[in-house]
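Undergrad: quick one: sequence and predicted model below, then my questions.
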Amino acid sequence: MFQYVVRRIFLIVPTLWAVVTVVFFLIRIVPGGPAMAALGAYASEEQVRALEHQMGLDQPLLIQYVKYLADLCRGDLGKSLITQRPVAQEIAQALPYTIDLTVAGMALGILMGVPIGIFAALRRNRLPDYLGRIFSLIGISMPEFYLGILLMYVFAVKLNLFPVIGGGDFSRWGSRFYHLVLPAFTLGIIMTSFISRMTRSSMLNVIGEDYVRTARAKGVSEKMVVYKHALRNALIPTTTVIGLYAGILMGGSVLTEIVYSRPGLGKMMVFAVKDRDYMTLQMVIVIFSAAVFLLNLLTDILYSLIDPRIEYH
Amino acid sequence: MATAHARKGLILYTFKRTKTSVVGVVLAALMVGLALLAPWIAPYDPIEQNVKLQYAPPSLTHLCGTDGYGRDEFSRILWGSRVSLMVGLASVLLSMVGGIPLGVVAGYRGGKADAVISRFNDVFMSFPIVIFGLLILAIMGPGLIKIIIAIGVALTPRIARLARGSTLSLKEMPYIEAARAVGQSDPKIIILHVLPNILGEILVMGTLWIATAIIVEASLSFIGLGVRPPTPSWGSMIRAGLDQLTNAPWLSLFPGLAIFLTVFAFNLIADGLRDIADPKLRG
């Protein structure tokens, strides 16, 4: 098990390298190059040259690439083209807001989605099932930013219960939590609709299995059948799916941050696109992809804990 | 052939039986109809400004109110549906054009070709779709064609994976082996035997992605990377309305409702199709 985890972590390295490479070369095919794009169409040739020199863009592409990788390995993520501050510093500042949001969103999604899915499956084709299915279908059809605006309109603008925008004062727990509630529910409700759907269908699959029928036949109480026999097996596919939805979680956090003006990574990324700050942009995209990878790894480990049949060699 | 007919009949039967998917088809047809008829049924010109009518609330003359330039919101929503649906359909088609050959080659050839294509897919799929679309648009700049390319490219590895899976299971079929045994070349087998047999399934499964493509387009437009103004698009209309949420909430709420209904319709259809694909979950 331990060996497996270590090997998986090492496998992340080549994949991350591939992601970094793809982003590096994609960004350098910007028409006129990142320097020209950053300065705008009216910049003089000298200005473009000076910035290209400063960014090291006047060197051959391969040398730039090797240098970039070497810098990355030393933990030097480059400097923002706009603020001139180290990208690592800017990321460190924004990251906690995004971590708060994604962790809270995922936690809400699991806490609400799994019970709803089980409940719906146990009452298949009855009212609770229909309601659960309609809820999840509505949730997956709702863009995160629209749900965010609806919640903001009702709970912040009309009822005045929560702040409209901002990330709050991060050093104060109260303010941090107060500003997190609406964004977390926005992301959480979307995740709930995906997770409840998956839990329902895997629960239905398991309930039809022979061993569940056997358990019922030999007189095991319904409660035991559900929790001991069915749920544990149903949770296995659900766990994988939570990893698969990591992408939706990350993408959703970007849009939620924009709606609520949370100063996290997503907002940083969108500003980097608008300001044509390619140094920041490439790093943030790499971080989001790395997060998807890590979540998948975490899921696989969880998988082995839930399902003792799975052994890793 | 008889079995193929029977199978088609069963698919149609199941699809009709799942009432929700029928509702989805009707709703989607309505949305497509409105989009096609927009030039004739929109009560006003979607880009004509009228400063005297800034932020007029919904009324009988302006069903969804007017925006900051006095433009009729309802007409803009009708015209905006064209962008959403066009991007939804075109980007999924584009992803099929790229994804099917990749997936079929990977599945049919196996070995090194499969390893290379599958690793590439893994890398590209680790980017969330919205973030990958954003990266492509950051490079190419905003615009309708570019947004179709961005979403199409983001969906390509997903379609490729689907095509690879179908090809893998088909490859072992006796008639493919027979074709190989009589000495038909690989390209001929792929074109004559593999493609026609997996195309139906992939087209059906591909429609599942239309809903995703529409949401991603709306999201990218919301971020400000969609079609250029003044062309109306639902995502950018919501973005413009967000600043006026307190005094003109209709500007975000109505276009959002339009996105939701369209995506909802395609998801209902997809649900019906998924039930057909997985009979265990039927009912």
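TA: Cool, got the structure.
Undergrad: alpha carbons only for contacts and neighbour counts from here, please
TA: Will do.
Undergrad: report the closest residue of the stretch 51-200 of chain B relative to chain A.
TA: Shortest the stretch 51-200 of chain B-to-chain A distance, computed as Cα to the nearest Cα: residue-wise this is B:Pro128, at 4.5 Å.
Undergrad: so which bits of the stretch 51-200 of chain B are right by chain A?
TA: Listed as neighbours of chain A in the stretch 51-200 of chain B under the rule Cα under 8 Å from any Cα of the partner chain: B:Val123, B:Phe124, B:Ser126, B:Phe127, B:Pro128, B:Ile129, B:Val130, B:Ile131, B:Ala138, B:Ile139, B:Met140.
Undergrad: quick one: which helix or strand includes the second one?
TA: Translated: B:Phe124. Counting by DSSP states H and E, the element that carries B:Phe124 is helix B:111-125.
Undergrad: name the helices or strands packed onto whichever helix or strand comes after that helix?
TA: The C-terminal neighbour of helix B:111-125 among helices and strands, as given by DSSP H and E, is helix B:129-140. Helix B:129-140 is packed against helix A:246-260, helix B:144-171, helix B:195-223, with contacts defined by 3 or more Cα pairs under 8 Å, 6 or more residues apart in numbering or on different chains; DSSP states H and E.
Undergrad: switch those helices over to TSV; also include mean neighbour count, mean pLDDT and distance to A:Ala70.
TA: Output for these, formatted as TSV (neighbours: other Cα atoms under 10 Å in any protein chain shown; pLDDT from 0 to 100; distance: least, Cα to Cα, whole Å):
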stretch	mean neighbour count	mean pLDDT	distance to A:Ala70
helix A:246-260	25	89	27
helix B:144-171	23	89	29
helix B:195-223	21	87	33
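Undergrad: on that earlier part again, please name the residues that touch the nearest residue to the residue of the stretch 51-200 of chain B closest to chain A once chain neighbours are set aside.
TA: Leaving aside its chain neighbours, B:Pro128 sits nearest to A:Gly247 (4.5 Å; criterion: Cα to Cα, 6 or more residues apart in numbering or on different chains). If a contact means Cα atoms under 8 Å, 6 or more residues apart in numbering or on different chains, then A:Gly247 has A:Val292, B:Ser126, B:Phe127, B:Pro128, B:Ile129 as its contacts.
Undergrad: return the member of those residues nearest to B:Gln184.
TA: Ranked by distance to B:Gln184 (Cα to Cα), the contacts of A:Gly247 are led by B:Ser126 at 37.8 Å.
Undergrad: mind listing what that closest one touches?
TA: A:Gly247, A:Ser289, A:Ala290, A:Val292, A:Phe293.
Undergrad: top of those by neighbour count?
TA: Per-residue neighbour counts (other Cα atoms under 10 Å in any protein chain shown) across these peak at A:Ser289, which has 27 neighbours.
Undergrad: report pLDDT for that residue.
TA: A:Ser289 is assigned 84 on the pLDDT scale.
Undergrad: got it, and A:Gly243?
TA: The model reports A:Gly243 with a pLDDT of 75.
Undergrad: got it, and A:Trp17?
TA: Looking at A:Trp17, the pLDDT reads 87.
Undergrad: okay, now it: neighbour count?
TA: 14.
Undergrad: hang on, the earlier thing: out of the contacts of A:Gly247, which two sit at the greatest distance?
TA: So, the contacts of A:Gly247 by Cα to Cα: farthest apart are A:Val292 and B:Ile129, at 11.8 Å.
Undergrad: gap between the residue nearest the centre of chain B and A:Ser141?
TA: Nearest to the geometric centre of chain B sits B:Ile210, at 2.0 Å (Cα atoms, centre = their mean). Counting by Cα to Cα, to the nearest Å, the separation of B:Ile210 from A:Ser141 is 11 Å.
Undergrad: list the contacts of A:Ser80.
TA: Here A:Ser80 is in contact with A:Pro86, A:Val87, A:Asp277, A:Tyr278, A:Met279, A:Thr280 (criterion: Cα under 8 Å, 6+ apart).
Undergrad: typed the wrong thing, it's A:Gly264
TA: Taking Cα under 8 Å, 6+ apart, one finds A:Ala94, A:Leu95, A:Pro96, A:Tyr97, A:Thr98, A:Glu257 in contact with A:Gly264.
Undergrad: ok, and the closest non-adjacent residue to it?
TA: A:Gly264 sits nearest to A:Ala94 (Cα to Cα, 6+ apart), 4.3 Å away.
Undergrad: state the pLDDT value of the one you found.
TA: 91.
Undergrad: before we move on, the earlier item: most neighbours among the contacts of A:Ser80, please name it.
TA: Within the contacts of A:Ser80, neighbour counts (other Cα under 10 Å) peak at A:Tyr278, which reaches 27 neighbours.
Undergrad: I'd say that residue and A:Leu26 touch.
TA: No. Contact criterion Cα atoms under 8 Å: A:Tyr278 and A:Leu26 do not qualify, at 10.7 Å.
Undergrad: quick one on the thing from earlier: got the angle for the one helix or strand the residue nearest to A:Gly264 maps to vs helix A:246-260?
TA: If you go by DSSP H and E, A:Ala94 is part of helix A:87-122. Angle, helix A:87-122 to helix A:246-260, by axes from the mean of the first three to the mean of the last three Cα atoms, to 10 degrees: 110 degrees.
Undergrad: buried ones in helix A:87-122?
TA: A:87-88, A:90-91, A:94-95, A:97-98, A:101-102, A:104-110, A:112-122 (16 or more other Cα atoms under 10 Å in any protein chain shown).
Undergrad: show me what the following helix or strand past it is packed against.
TA: Using DSSP H and E, the helix or strand that directly follows helix A:87-122 along the chain is helix A:127-141. Judged by 3+ Cα pairs under 8 Å, 6+ apart, the packing partners of helix A:127-141 are helix A:87-122, helix A:173-207, helix B:250-277.
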